[in-house]
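Engineer: everything below, folded, please.
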Amino acid sequence: MAMPWEVDGYLATLSGRSHHTRRAYEHDVREFVAWAERGGCVEPRSADRRSLRRYLAYLGTRGFARRSVSRKTAAVRAYLRYLHRQGVLSSDPGRALRAPRGDARLPRVPKADEIGALLDNASAQIGLTDADPFAAALARRDLAVLELLYGAGLRVSECCGLSVADVDLKVGLVTVIGKGGRMRRVPLGEPSRAAIRDWLKHGRPVLATEDSPPRAVFLSRRGGQLGPRDAHRIVAAQPTGSRDVLHPHALRHAYATHLLEGGADLRAVQELLGHADLATTQIYTHVTRDRVRAVYDESHPRA
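Structural biologist: Residues are numbered from 1 along each chain as shown. Next up is the predicted model:
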């Protein structure tokens, strides 16, 4: 009798991860199991290094980008580690599984003056919508979301999941539960504090309904808790002055890049972003070096 793959049990262990991570890992693990059951390795105990190498070769034939293959490999490694811990596998064949590192290049990071213009425009929308309290409330919310994504470098899920108790406007700190359940406190600049204060006092009561979550900082136009898709729409709707469509993570990229360009210590930026590994933060140094090189090429007569 074939042994079960225990996928549901593994997925239950991911409860502390973000919704995006859980969804990606579930997709990748189920994809691997489907391949295995088609003949790659019919049951868990037949999974070995050779079958895993065949799976990597299979992913290569599907035309996935290196970054996608890297993520799928990480998901399979974690899953096989779980099966080994549960005694389904006598050894962990995923320990030696290696995939090419994903492309670490960032998308174009908006410059500080571009972000400034974007936030000024969002602020101006509040005055332009004063005659319509509902539209003005949405404008106040949108500005506060933008200020937090850029002014504090929050992930979109962190921003949408904030409760009122997490935001200390008097001290100027926001408490965030990030990836892996790690807590961090991030300072808020005065523009961010002013935007959040204005939203909570004048905007949120307009959108709130009897069914609104009482502790949620941000609400959707229907009064529910703001979700990541809502935040994506807010950011994508902002004029950028270019063909680029902004997304929330671009504001986080800009936050980190502008801190480093301003002379911030890499370790401090790591803490502010909530990165467990300094290597993840170091990707932003490539962006700042590229910009320095561009300035040199454009400005120096011997470039």
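Engineer: would you list every one of the helices in the stretch 101-250 of the chain?
Structural biologist: 112-128, 133-151, 156-160, 190-198, 204-207, 228-236, 248-261 (DSSP state H, counting those that start in this stretch).
Engineer: format the ones you listed as a markdown table; extra columns: mean neighbour count.
Structural biologist: Every C-beta, even on glycine, is put in place using the N, C-alpha and C of the backbone. Formatted as a markdown table, the helices of the stretch 101-250 of the chain follow (neighbours: other Cβ atoms under 10 Å):
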| stretch | mean neighbour count |
| --- | --- |
| helix 112-128 | 16 |
| helix 133-151 | 23 |
| helix 156-160 | 23 |
| helix 190-198 | 19 |
| helix 204-207 | 18 |
| helix 228-236 | 17 |
| helix 248-261 | 22 |
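Engineer: next, format these as TSV and append mean pLDDT.
Structural biologist: Shown next, in TSV, are these (pLDDT from 0 to 100):
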stretch	mean pLDDT
helix 112-128	93
helix 133-151	96
helix 156-160	93
helix 190-198	96
helix 204-207	97
helix 228-236	93
helix 248-261	90
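Engineer: so which of the ones you listed gets nearest residue 219?
Structural biologist: For residue 219, the closest of the helices of the stretch 101-250 of the chain is helix 204-207, at 4.5 Å, according to Cβ to Cβ.
Engineer: okay, now the unreliable bits of the chain?
Structural biologist: Residues of the chain meeting the criterion pLDDT under 70: 1-3, 99-107, 241-245, 286-303.
Engineer: mind redoing it with 50?
Structural biologist: Applying pLDDT under 50 to the chain flags the ranges 1-2, 296, 303.
Engineer: and the helices of the stretch 101-250 of the chain: which comes nearest residue 62?
Structural biologist: Using Cβ to Cβ, those put helix 248-261 closest to residue 62, at 25.4 Å.
Engineer: circling back to that earlier point, which of the helices of the stretch 101-250 of the chain sits closest to residue 54?
Structural biologist: helix 248-261 (34.0 Å).
Engineer: packing partners of that closest one?
Structural biologist: Taking 3 or more Cβ pairs under 8 Å, 6 or more residues apart in numbering; DSSP states H and E as contact, the helices and strands that helix 248-261 lies on are helix 112-128, helix 133-151, helix 156-160, helix 228-236, helix 266-273, helix 278-299.
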